[in-house]
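> I would like the atomic coordinates for the input below:
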Amino acid sequence: MQITTKALILSSLKYGDTSLIVKAFTYSDGLKSYLLKGVLTSRKGKLKTAYFQPLMQLEIVVNHKNKGTLEPLIDAKVSYPYQSAHTDIAKNAMIQFLAEMLVNSIFEEEQNKDLFDFLEASLQWLDTHPNISNFHLFFLLGLSKYLGFYPDKGRMDHPYFDLVEGAFIESPGIHPILKGEALDVFKTLLGTNFDAMHLIRVGKKTRQELLQSLVLYFEVHLHGFKKPRSLAILNEVFS
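Predicted coordinates:
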C-alpha cells in the first residue's frame with residue numbers, strides 16, 4: 001500500500017555510478033533503506049540529490065514491502081527547509097556528527113513517534129538558534145531517553161557518574177566514570193532545557209571531555225555502536 005510519511009535522512013551511499021542507497025528514519029515505520037536508481041544522473045526526475053543530505057527533513061511517498069530488502073522511493077519533497085543547518089560551518093559539523101551518531105544508534109524497523117518528534121523538533125531548534133555550542137551534549141542526553149538508557153537522576157549529590165551503570169555513585173570502581181568539571185556540566189545539563197543550555201558556561205577542554213564520555217556512554221549501552229569518524233572534526237570546529 002502506498003503511503004506518505006515524514007522522514008529524516010540518516011545517510012546516503014553512492015551505489016554504482018548513478019544511484020544512491022539512502023538510510024532514513026521514518027515516522028511511519030522507523031528505520032528504512034531505499035534504493036534511488038539513476039538519481040545522480042537524472043536532471044528531470046522528481047528526486048533531487050540535494051534532498052538526501054544528512055538529517056534533511058522530507059515528506060516521502062513509499063510502498064513499504066517490509067521484506068528486508070531495499071525499498072523503492074516513489075517521490076520526495078522537503079518538509080522543513082533548513083535556513084542555516086547545512087550552510088553554517090559549526091552547525092554543519094554538528095549535523096554530520098549527529099547523523100553518524102543516529103546511524104550507529106537507531107536499529108529499530110518499527111514506528112517510534114516519540115523519537116521522531118524529538119529528532120524533528122531538536123533539529124529545527126538547531127537550525128533557528130545561534131548559540132549552539134552545547135547543543136550536541138544536550139541532544140545526546142535527550143536521545144538516550146528514547147533509546148532506553150537515560151541517566152538515573154537519583155543521588156545526584158554523589159561525586160561520580162558510572163557510565164556503565166548509568167547512575168551516580170559515591171566512590172569509583174572498575175567502570176569508566178564522569179567526575180570533576182565534566183560531571184558538574186553533566187548534572188547541569190540534566191536539569192535544563194534547550195532554551196537555557198546556552199547559558200551553561202563550558203570550557204573547551206571540559207566540553208571535549210564530556211562529549212568523549214557521552215560517546216563512550218552510547219558505546220557501552222548499544223550493541224554494535226561505532227564511534228563516529230566526524231567526532232574529531234566537530235572537536236576541531238568547536239576549539
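
> from Gly203, how far out is the closest residue to Lys187 other than its chain neighbours?
Counting by CB to CB, 6 or more residues apart in numbering, Met156 is the residue found nearest to Lys187 once chain neighbours are left out, at 5.7 Å. The C-beta positions use only the backbone N, C-alpha and C, and glycine is treated the same way. Going from Met156 to Gly203 by CB to CB, to the nearest Å gives 22 Å.

> more neighbours: these two, which one.
Under the criterion of other CB atoms under 10 Å, the comparison of Met156 against Gly203 puts Met156 first, with 15 against 10.

> wait, doesn't the more buried one sit right on Ile169?
No: the pair Met156 / Ile169 is not scored as a contact, 11.1 Å apart, by CB atoms under 8 Å.

> starting at the chain centroid, how far to the lengthiest strand in the chain?
With secondary structure taken from DSSP state E, the chain has its longest strand at strand 3-15. The chain centroid and the centroid of strand 3-15 are separated by 14 Å under CA atoms, centre = their mean, to the nearest Å.

> now that strand: average pLDDT?
Strand 3-15 shows a mean pLDDT of 95.

> how close does the residue nearest to Lys187 get to Leu10?
33 Å.

> can you check Glu109 too?
According to CB to CB, Glu109 stands 13 Å off from Leu10.

> more crowded one of those two?
Shown here are Glu109 and Leu10; by other CB under 10 Å, Leu10 has more neighbours (25 against 14).

> wait, that one sits on Phe25?
Yes: counting by CB under 8 Å, Phe25 is a contact partner of Leu10 at 5.9 Å.

> which residues sit in contact with the spatially closest residue to Phe149 that is not a sequence neighbour?
Excluding the flanking residues, the one nearest Phe149 by CB to CB, 6+ apart is His221, at 4.2 Å. Taking CB atoms under 8 Å, 6 or more residues apart in numbering, we find His221 in contact with 144, 147-149, 166.

> do that again at 10 Å, thanks
105, 144, 147-149, 163-164, 166 (CB atoms under 10 Å, 6 or more residues apart in numbering).

> and for Tyr146?
Per CB under 10 Å, 6+ apart, neighbours of Tyr146: 105-106, 112, 114-119.

> which among the residues you listed end up buried?
The neighbour count (16 or more other CB atoms under 10 Å) marks 105-106, 112, 115-116, 118-119 as buried among the contacts of Tyr146.

> identify the farthest-apart pair in those residues.
Farthest pair in the buried ones among the contacts of Tyr146 (CB to CB) is Ser105 and Phe116. Separation: 13.8 Å.

> can you give me the strands in the protein?
Assigned by DSSP E, the strands in the chain fall at 3-15, 19-26, 30-36, 57-62, 71-80, 160-162, 167-169, 177-178.

> including distance to Arg229, could those go into TSV?
Output for the strands of the chain, formatted as TSV (distance: least, CB to CB, whole Å):
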stretch	distance to Arg229
strand 3-15	12
strand 19-26	16
strand 30-36	20
strand 57-62	24
strand 71-80	26
strand 160-162	26
strand 167-169	30
strand 177-178	24
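
> of all those, which lies closest to His129?
The closest of those to His129 is strand 71-80. By CB to CB, the value is 14.7 Å.

> okay, now the sheet partners of that closest one, with direction.
Strand 71-80 has the following strand partners under DSSP bridges: strand 30-36 (parallel), strand 57-62 (antiparallel).
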